[in-house]
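Asks: Kindly return the folded structure for what I paste below:
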Amino acid sequence: MKTGLITSETFQNHDTGPGHPEQIARVSVIIENFKKLNNKNIIWKKPSIISEDIIKDAHDIDYINLVKNSFPRKGFSSLDGDTIISPGSKEATFDAAGSIISAIDGVQNKEFKNAFCSVRPPGHHCNQNKAAGFCILNNIAIGAKYLLNRYNYSKVAIIDFDVHHGNGTQDIFYENENVLFISTHQYPYYPGTGSEKEKGKFNNIFNIPLPAGTNSEEYLNAFEFALKRLKKFKPEFILISAGFDGHILDPLAQLKLETEDFYNITKRILETSKKFCNGKVVSILEGGYDLQALRDSSKRHVDALIEFN
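Replies: From the prediction side, this is the model:
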C-alpha cells in the first residue's frame with residue numbers, strides 16, 4: 001500500500017502579511033518538492049469538506065462561531081497577537097481541518113496505508129475556545145475526536161515533536177483517558193507549558209521538556225522514553241503533530257536536530273507501534289520556519305512513512 005499526501009491549493013489564500021514566519025511558502029516548498037520527485041508510492045488527495053458537527057467535538061460552539069465571523073472582507077485581522085488572518089484564511093483553515101478527516105478516512109478505507117497532511121494554518125496551540133500561536137482550529141485534536149466518535153477507537157495516541165509544546169492539544173485531552181498525548185519540546189519556551197508535572201487526569205499526558213541546545217543524540221535518547229510510554233499505552237491509531245522547527249537551521253527555536261533525525265523519529269514511531277495499530281498513522285504539518293530545512297525534513301518524514309508500507 002502507498003502513502004497519502006493530503007493538501008489543497010487554498011493554503012495559498014491564508015495571507016499572514018509581510019514578514020510573518022507562518023507564510024505561504026512553508027507549504028508551497030513542500031508540495032513543489034514532492035511534485036518534482038514524482039514518487040509513485042504517494043497518492044495525492046484533497047481535504048474533505050468538514051462539518052460543524054465534527055469540529056464541535058473538539059471546540060466550543062461559541063468559539064467556532066467567533067472564528068467563522070472573524071475573517072475580514074479585506075486586509076488583515078488577528079485572533080491573537082501572533083495569529084493573523086485575511087479574507088482567504090477561512091478556506092485554508094477549514095481545509096486544514098478537513099485534511100485530517102480525509103487522511104483518516106483514506107487509511108480506514110484502505111486507500112493508502114498512512115498519510116501526511118501538508119496544510120496550513122497549523123493547529124496544536126489552539127484549545128477548545130482560543131486561537132494562539134498561528135493556530136485557528138486544532139486539526140490534530142479534531143482528528144483524534146473523529147477517530148473516537150466516528151470509528152469508535154478507544155486508544156488514540158498523539159505524538160507532537162514540534163519544538164513548541166502543543167498546549168492546545170493537551171488542554172483538549174487533559175481529562176480524556178482514551179487519548180495519550182506525548183510531546184517533546186524546548187522548555188522553558190513558548191508557550192510556557194509542558195513541564196513533566198503536567199500529567200493529565202488519567203496519567204495520559206507525557207511531556208518531555210528539553211533544554212535549548214539539545215542535539216540529535218540527546219534528543220533521540222530522550223525520545224526512547226516517549227516510545228516506552230507508547231508501547232505501554234498500546235494505541236490503535238497514531239496521529240503525529242509534525243513540526244520541523246526543532247531543526248538546527250530554524251530561526252524560531254534553539255534545538256539542534258538535523259534533517260535525518262526526522263526520518264529516524266518517524267521510523268521509530270512506526271516500528272514501536274506496528275504491533276498495536278498495524279501502521280495506522282496520520283501526520284499533519286505544524287511548525288517549521290526555515291524553508292530549506294522544512295522542505296528536506298518533511299521529505300525524510302514522508303520517506304519513513306513510505307518505507308513502512
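Asks: Strands along the chain, start to end?
Replies: Secondary structure of the chain (DSSP state E): strands located at 3-6, 42-45, 77-78, 84-85, 114-117, 156-160, 179-186, 205-210, 237-242, 281-285.
Asks: Mind putting those into CSV with mean pLDDT?
Replies: Formatted as CSV, the strands of the chain follow (pLDDT from 0 to 100):
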stretch, mean pLDDT
strand 3-6, 98
strand 42-45, 98
strand 77-78, 97
strand 84-85, 98
strand 114-117, 98
strand 156-160, 99
strand 179-186, 99
strand 205-210, 98
strand 237-242, 99
strand 281-285, 98
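Asks: will you turn the ones you listed into TSV that also has mean neighbour count?
Replies: Where you see a C-beta, it was placed from the backbone N, CA and C, and this is true even at glycine. Below are the strands of the chain laid out as TSV (neighbours: other CB atoms under 10 Å):
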stretch	mean neighbour count
strand 3-6	25
strand 42-45	17
strand 77-78	14
strand 84-85	22
strand 114-117	28
strand 156-160	27
strand 179-186	26
strand 205-210	21
strand 237-242	27
strand 281-285	28
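Asks: and the residue minimising distance to the centre of the chain, what does it touch?
Replies: Nearest to the geometric centre of the chain sits Ser241, at 2.6 Å (CA atoms, centre = their mean). Residues near Ser241 by CB atoms under 8 Å, 6 or more residues apart in numbering: 123-124, 140, 158-162, 166, 169, 283-284, 286.
Asks: ok, these vs Gly192, which is closest?
Replies: Nearest to Gly192 among these, counting by CB to CB, is Gly166 at 12.8 Å.
Asks: Look at Gln108 and say how many residues are nearby.
Replies: 14 (other CB atoms under 10 Å).
Asks: And the one 4 residues further on, by the same measure?
Replies: Other residues within reach of Phe112 by the criterion other CB under 10 Å amount to 22.
Asks: Spatially nearest residue to it, not counting backbone neighbours?
Replies: Gly4 (4.0 Å; CB to CB, 6 or more residues apart in numbering).
Asks: mind listing what the closest residue to Glu196 other than its chain neighbours touches?
Replies: In this structure, Glu196 finds its nearest non-sequential neighbour in Asn207, 5.7 Å apart by CB to CB, 6+ apart. Counting by CB under 8 Å, 6+ apart, Asn207 makes contact with 165, 170, 182-183, 185, 194-196, 198.
Asks: now, the most widely separated pair of those?
Replies: Ile182 and Ser195 (14.3 Å).
Asks: Do I have it right that Gln108 meets Asn152?
Replies: No. Counting by CB atoms under 8 Å, Gln108 sits too far from Asn152 to count as a contact (11.2 Å).
Asks: what about stretch 123-138, how long is it end to end?
Replies: One end of stretch 123-138 sits 4 Å from the other (CA to CA, to the nearest Å).
Asks: any idea how far it is from the chain center?
Replies: Relative to its chain's centre, stretch 123-138 lies at 12 Å (CA atoms, centre = their mean, to the nearest Å).
Asks: again, but for stretch 263-279
Replies: Using CA atoms, centre = their mean, the offset of stretch 263-279 from its chain centre is 16 Å.
Asks: Give the bridge partners for the residue nearest to Glu196, please.
Replies: Per DSSP bridges, the residues bridged to Asn207 are Ser183.
Asks: what are the ranges of the helices in the stretch 201-309 of the chain?
Replies: 216-233, 259-277, 291-307 (DSSP state H, counting those that start in this stretch).
Asks: Which among these is found nearest to Ser118?
Replies: Once these are compared by CB to CB, helix 291-307 is nearest, at 7.1 Å.
Asks: The closest one vs strand 237-242, what angle?
Replies: Relative orientation of helix 291-307 and strand 237-242, computed by axes from the mean of the first three to the mean of the last three CA atoms, to 10 degrees: 160 degrees.
Asks: tell me which strands and helices helix 291-307 is in contact with?
Replies: strand 3-6, helix 25-37, strand 114-117, helix 259-277, strand 281-285 (3 or more CB pairs under 8 Å, 6 or more residues apart in numbering; DSSP states H and E).
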